[in-house]
Structures are given as structure tokens and as C-alpha cells.
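Chemist: I'd like to go over a predicted model; first the sequence, then the structure.
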Amino acid sequence: MCAQLLEEKVFKDPVHNYIYVQDKVIWNLINTKEFQRLRRIRQLGTSYLTFHGAEHSRFSHSLGVYEITRKIISRFERNKYEDWPPEERLVALCAALLHDVGHGPFSHSLEEVFDTDHEQWTCEILLGDTEINNVLQQVSEGFAQDVASVIQKTYHQSLVVSLISSQMDADRMDYLLRDAYFTGVNYGNFDLERIIRVLRPYKGKIVVKESGMHAVEHYLMSRYQMHWQVYFHPVTRSSEIILRQIFRRAKQLYEAGYRFKWLVPSLEQLFTNQLSLEHYLKLDEALVQTAFSQWADESDNILSDLCNRFLHRKLYKYVTVTKPEPEQYSAIIEEMHQLGLHPDYYMELDFPFDKPYDVYEPDRHEAKLTVKTPILLLDEHEQICEISQKSDIVRSISGLRQGQYHLYFPLEIIKKEERRMSPRLKQWFKL
């Protein structure tokens, strides 16, 4: 039995109103230096350059995921559902709280350039020489590994994994509501309380009472809208592209022997793919922003220009284009080189897409291809089926890969070379 706090701790939260902590281990985890680091990691990466209110952190999101999980489990316990094993409560709450602790600064952009994995870093933090590991080990021998296995989706109780990682999990439910709140849009809002009321543990799975199907449809439509109106906003994509180009250029320069005026060990280890846990935990957005401000004065013109663009929001413009044939694209790249413009840094073709809902396909599941746990409905006869079999709305949005190709480029630099461009290149940039 986990020790309880003598007095319940409460966090005031703009999304959930209040977040309640009764367990001593949860309170101790929140106060570790590894969890407090999440205050210095934005939840939405570069989206603050598009939506000025999007300054919320992974710290607040992680608390929110914990709170939703706590509410779901509390409802299971109040209703005495036989399929919910009460001994799994603490491991589920800890996994919910810690699921994002391995995120780095601007994490998805960082991961793409340096081939890192925030879930792997999360498990290293849980199992390594950290304050978090020390707290978890005090619960029981092997408890830290249990929490890590939930993150890795290998835990023996699949319904615990589903609470944290599925197509309708506490993680997604919190970030949709939280991101909508802080960006100031309404797209991400849905009836969280209704969904919690219709969730059930059933034969090792988390299912939805069929009468709650419309609340789930609303949730899925909210997710769909948030991706296209917020997460894939073309201005945000522009800032993400410049961010990745900064990391790529800095790494390329380092590998070529360039001597930076300012370079801390954590970044140097990042460039050499030899990042230790100690130095990974020193990476936060304050450090990265400091690096950019220093690199803005470097002698390399490309790195300097990219850093200044990011710091002062001089983002790339974009035009909508059709996907070029490989031969056509190669010719465009060659002409860019002839003009003295580096296409790796001053041109990028982007095509974002997201599946609002991934229908369960047995053949693909057997092949062990990536697919999140489907949303299952439980009818009045205690029969379960996958939601798209009964919902016209879910069927209509399932598997959609709607999107457009956008070409990003620095307009002022391109226009300077307009006279020297061929008609084909002018048409490409729609000059």
C-alpha cells in the first residue's frame, strides 16, 4: 500500500481547475530535479511563434495527464468494476506523470536531426542514476522497471498501457484541451467528463460504453481540427524548418572541424552522438536559445543567418505547390547551387499529414506494424466492436492523409536573385 500524504496537495490548473495529489510517491516525483526540468521545455515547441499564448510547458501537461488518469481510475474504483485491478493504480499514475520526462528542448525537431527518442530517454531517466529512480525504488524492488515497461508498451496489464498510450488516452486528452486553451482556439475542446463517465475496464481492455459514442466522435474531430489548425499550421512549420536547419548546420560545421566561439559539452556530445544521461538532462530550451544567440554572431554566414531568423522571427515564406517529379526537383536543386544558394538550408518541400483515427486492421497488427490500440465500444449485450464499425463519422475520417505540399524559402534572398533565375525556377517560387 502506497503511503498517503498527511495533507492533500493541490495545484491550480487552467484546464482541469484543480489537480490533486494524495500519494507521497507522486509528490516526491514532482519534486525531483528531472521532473522540474520539464518547466523549461515548452509543450508545443515553436508554436509560440505562431500563437503567442502557447508558452505552456511539458511540466503542466504531465500534471494534466496524471490528473485525467487519476480521475479515470477513481471512477473505476468508485464503481467497483471487477476488471480493474486496484493494485495497478500507482504504476498507472506514475507512468502518466512521467511519460514525457525524457523530452528534450524542441524535442521532435531535435529527435529528427539527431535520431534520438524521447521515450528511450524517459526509460533511461526512470532506470538510471536519477532522483526519479531513487523515488521509484523506494516503492518496491522492480517498481521502476514496471513504470518503464508501461512507457515501452510492454507491461503485462495492457489496460494500464491503454490509459497512457492508445488512440484515446489521457495523454491525448490533456494535450488537446491544454493546447487549445493556450493557443486560444476552440478546435480542441470536447466533453472530457462525459468520456470519463463512459470508459470501462473490460476483459483486459479499456472500452467505451456505446451510449458515449458521440462524445468520442467529438473528441476525434477535435483532434483532427487541432492538427490542421494548430499543429500543422504553416507558420509553425516554417519555424520548425529553420530550427532543424540550425541543428543540421551546427552539426555539419562541427563534423567539418569548425571552431565555435561558444559550445557547451552537452551540445558537443549531441553532435557526436555520445550524449550521456547527465548531459542530456542539462539540455533545455534556455540553453538552446542561449546557443542560438551566441551562434548568431558566428563567422559562418548560413548558421548566423538561420539563428538570427529564428531569434527575431524572420521566418520563411511559403507557397503551395504540386509535388515535383524527381528529375524536375534535381534540376531545381542544381540551379539553386549555380545561383550560390544552398538548397539544403534555403529551400524545403514540406508535406504534413496525420491520421485522425487509425482503424484496427488484423493483418497489419499481425505484421507488427505501428498501430495504436483502437477505440472499442461496449454495447448493452456486453459485446465489443471497433468504433468505426458503428460510427459513420469515424469511418469518414479514418485513414485520411489530407494535406498540401508547401515550399518554404527566404523570400528576400530569393528575390535578390530573381533576374538570374530561369523561368522554371521563377515559376517554382511563384515570383
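Modeler: Good, I have the coordinates.
Chemist: pull the helix or strand with minimum mean pLDDT from this protein.
Modeler: When each helix and strand of the chain is scored by mean pLDDT, DSSP states H and E, helix 362-366 comes last, with a mean of 38.
Chemist: Next SSE downstream of it?
Modeler: Going down the chain from helix 362-366, the next helix or strand is strand 376-378, by DSSP states H and E.
Chemist: Starting from that next one, tell me which strands it pairs with and how they run.
Modeler: Strand 376-378 has its sheet partners listed here by DSSP bridges as strand 205-209 (parallel), strand 384-386 (antiparallel).
Chemist: most packed of these?
Modeler: Stretch with highest mean neighbour count among the strands paired with strand 376-378: strand 205-209 (a mean of 20; mean count of other Cβ atoms under 10 Å). Just so you know, the C-beta spots here come from the backbone N, C-alpha and C atoms, and that holds for glycine as well.
Chemist: Check the offset of that one from the chain's centre.
Modeler: 25 Å (Cα atoms, centre = their mean, to the nearest Å).
Chemist: Show the average pLDDT along stretch 190-210.
Modeler: For stretch 190-210, mean pLDDT is 95.
Chemist: again, but for stretch 276-288
Modeler: For stretch 276-288, the mean per-residue pLDDT is 97.
Chemist: list the buried ones in it?
Modeler: By neighbour count on 16 or more other Cβ atoms under 10 Å, the buried set for stretch 276-288 is His279, Tyr280, Leu281, Leu283, Asp284, Glu285, Val288.
Chemist: shouldn't the first one be in contact with Phe271?
Modeler: Same thing as His279. No: look at His279 against Phe271 with Cβ atoms under 8 Å: they stay out of range, at 11.7 Å.
Chemist: Output the strands paired with strand 376-378 in JSON lines, with distance to His406 appended to each entry.
Modeler: Output for the strands paired with strand 376-378, formatted as JSON lines (distance: least, Cβ to Cβ, whole Å):
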{"stretch": "strand 205-209", "distance to His406": "36"}
{"stretch": "strand 384-386", "distance to His406": "34"}
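Chemist: Map the structural domains onto the sequence of this structure.
Modeler: Domain assignment for the chain by automatic domain parsing gives 4-232, 234-314.
Chemist: helix, strand or coil for Leu407?
Modeler: Of the three states, Leu407 takes strand under DSSP: H, G, I helix; E, B strand; the rest coil.
Chemist: ok, how many other residues are close to it?
Modeler: 19 (other Cβ atoms under 10 Å).
Chemist: Which residue, neighbours along the chain excluded, lies closest to it?
Modeler: Of all residues not flanking Leu407 in the chain, Val321 sits nearest, at 4.8 Å (Cβ to Cβ, 6 or more residues apart in numbering).
Chemist: Could you pull up the residues touching the one you found?
Modeler: Residues in contact with Val321 (Cβ atoms under 8 Å, 6 or more residues apart in numbering) are Leu349, Tyr405, His406, Leu407, Trp428, Lys430.
Chemist: Nearest to His156, out of the strands paired with strand 376-378?
Modeler: Judged by Cβ to Cβ, the one of the strands paired with strand 376-378 that comes nearest to His156 is strand 205-209, at 13.9 Å.
Chemist: Output that closest one in CSV with nothing but the alpha carbons.
Modeler: Provided in CSV are the C-alpha atoms of strand 205-209 (Å, rounded to 0.1, in the frame of the first residue of the first chain):
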residue,chain,number,x,y,z
LYS,A,205,-9.1,-3.6,-22.3
ILE,A,206,-10.4,0.0,-21.9
VAL,A,207,-13.7,0.2,-23.7
VAL,A,208,-16.3,2.9,-24.2
LYS,A,209,-20.0,2.4,-23.3
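Chemist: which outside residues touch it?
Modeler: Contacts to strand 205-209, defined as Cβ under 8 Å, 6+ apart, come from residues 158-159, 162-163, 166, 168, 195, 198-201, 216, 373, 375-378, 384, 387.
Chemist: ok, back up a step: make TSV from the contacts of Val321 and add pLDDT and distance to Ile72 to it.
Modeler: Listed next are the contacts of Val321 as TSV, based on pLDDT from 0 to 100; distance: Cβ to Cβ, whole Å:
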residue	pLDDT	distance to Ile72
Leu349	92	42
Tyr405	90	40
His406	93	39
Leu407	94	44
Trp428	92	51
Lys430	91	50
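Chemist: What subset of those residues is buried?
Modeler: Using 16+ other Cβ under 10 Å, the buried ones in the contacts of Val321 are His406, Leu407, Trp428.
Chemist: if we can go back for a sec, out of the buried residues of stretch 276-288, flag the one nearest to Glu119.
Modeler: Relative to Glu119, the closest of the buried residues of stretch 276-288 is Tyr280; by Cβ to Cβ it sits at 13.4 Å.
Chemist: what's near enough to touch that closest one?
Modeler: Contacts of Tyr280 (Cβ under 8 Å, 6+ apart): Gly104, Trp121, Glu124, Ser266.
Chemist: The third one looks like it's in a helix, true?
Modeler: Same thing as Glu124. Yes: counting by three-state DSSP, Glu124 is located in a helix.
Chemist: From the structure, what's the count of residues near it?
Modeler: By the criterion of other Cβ under 10 Å, Glu124 has 19 neighbours.
Chemist: How much space separates the residue lying closest to it once chain neighbours are set aside from Ala95?
Modeler: Nearest in space to Glu124, with sequence neighbours left out and distances taken as Cβ to Cβ, 6+ apart, is Leu277 at 5.4 Å. As judged by Cβ to Cβ, to the nearest Å, Leu277 and Ala95 stand 19 Å apart.
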